[in-house]
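Peer 1: no sequence on this one, just coordinates:
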Ligand SMILES: [Zn+2]
């Protein structure tokens, strides 16, 4: 059962894959968006590593990183090659360059950042970068639907909802600027059912035929 598909203000895009965990939080957030009289869209939920590679390709192309590291456009998820005397994923130099350009995208798998990547004043070059929580079914993104070029309207609602501590399992949020969305993290309560983070099967559309 996907409760948040019935939301009236925080609308879940049809392409989004929900888990019981994020479905519950998104359903509760709808009340907050209603309170503020604002509409927004959930643009992403559970994702696969392959989808993440497609996202990396998209941003590699629009930032011309595909010219410097063309392998990113054709590689498979697991294939590796020698780069600066190191065995790396074929997509790893391209993603490292994107991070270097401050285009923040999580890797499909844990990887080492190959170029300078300064975040919160720390250069993470040579450090392990962790994969996206979207693969674990614990995260979702809220995208701009207010007509503004940024997500400040959405952020205001999300911040108030989070700080109220009224939404169960809601762990935190951050802005993903390049994706222009508010990313939200959730967590299973202690002793909670691990299936809360697996995809909810979609019910077939009602056709009206008995
Ligand atoms: Zn996200």
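Peer 2: Great, that's in hand. No experiment lies behind these values; they were computed from the predicted model shown.
Peer 1: what about whatever residue of the chain ends up closest to the ion, how many neighbours?
Peer 2: The chain approaches the ion most closely through residue 183 (3.4 Å), counting by Cβ to the ion. The C-beta positions use only the backbone N, C-alpha and C, and glycine is treated the same way. When neighbours are counted by other Cβ atoms under 10 Å, residue 183 registers 21.
Peer 1: from memory it sits against residue 174, does it?
Peer 2: Yes - taking contacts as Cβ atoms under 8 Å, residue 183 lies within contact range of residue 174: 5.2 Å.
Peer 1: Would you map the helices across the protein?
Peer 2: 20-36, 49-62, 65-68, 92-100, 152-164 (DSSP state H).
Peer 1: Point out the most buried one among those helices.
Peer 2: Most buried of the helices of the chain by mean neighbour count (mean count of other Cβ atoms under 10 Å) is helix 92-100; its value is a mean of 24.
Peer 1: Tell me where the chain is predicted with low confidence.
Peer 2: Applying pLDDT under 70 to the chain flags the ranges 144-147, 177-179, 203-210.
Peer 1: can you rerun that using 80?
Peer 2: 144-148, 176-180, 202-210 (pLDDT under 80).
Peer 1: quick check: domain ranges of it?
Peer 2: Domain assignment for the chain by automatic domain parsing gives 3-46+134-197, 49-129.
Peer 1: How about the residues of the protein by the ion?
Peer 2: Residues of the chain lying near the ion by Cβ under 5 Å from the ion: 141, 183.
Peer 1: run the last query once more with 8 Å
Peer 2: The chain comes close to the ion at residues 44, 132, 133, 134, 139, 140, 141, 176, 179, 181, 183, 184, as judged by Cβ under 8 Å from the ion.
Peer 1: which one of these has the most neighbours?
Peer 2: Highest count within those by other Cβ under 10 Å belongs to residue 140, 32 neighbours.
Peer 1: residue contacts, the residue of the chain closest to the ion?
Peer 2: Residue 183 is in contact with 139, 140, 141, 173, 174, 175, 176, counting by Cβ atoms under 8 Å, 6 or more residues apart in numbering.
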